[in-house]
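Trainee: model the structure of this input:
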Amino acid sequence: MDNNKTSVDFEYVSKARVTHYTYMINRLVLNTSVSIIVMLHSDKDQSFHRAFDMTVEGEEYRKWGNDDSYIHELIVARIGLFCAAAAAPPAAPPAEPPAETPAEPPAPSSE
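Mentor: The predicted structure follows:
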């Protein structure tokens, strides 16, 4: 018996409203860098959980200093980049170069 199964190939994308985040310091190298795991959550969709890693180093790390509001602003900016990247359509595969047609052999000489 046929169950009407039809093969398809497409991407299913769903959206969720990120309502809050939590973060955890994963690795700290004093006076150099910090690795942070950021977890995104939604109050409206309890099944939504996404996480990403971010590293703060160099000038960004020096600007942090004793002001934790700076790191919160930096995390929010990275969340924006993460969400924008997740929403972007996948890049099209590069076009294949046209197949080369073999050159025709030279016509025989009538000499």
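
Trainee: for this protein, which segments count as helices?
Mentor: Secondary structure of the chain (DSSP state H): helices located at 58-64, 68-87.

Trainee: between those helices, which gets nearest to residue 46?
Mentor: helix 68-87 (18.7 Å; C-beta to C-beta). Just so you know, the C-beta spots here come from the backbone N, C-alpha and C atoms, and that holds for glycine as well.

Trainee: about what we covered before: comparing the helices of the chain, which gets the lowest mean pLDDT score?
Mentor: Note on the helices of the chain: helix 68-87 shows the lowest mean pLDDT, a mean of 88.

Trainee: can you point out the buried residues in that one?
Mentor: Going by neighbour count (16 or more other C-beta atoms under 10 Å), the buried part of helix 68-87 is 71, 74, 75, 78, 79, 82, 83.

Trainee: and residue 33, how many neighbours does it have?
Mentor: Counted with other C-beta atoms under 10 Å, residues neighbouring residue 33 total 14.
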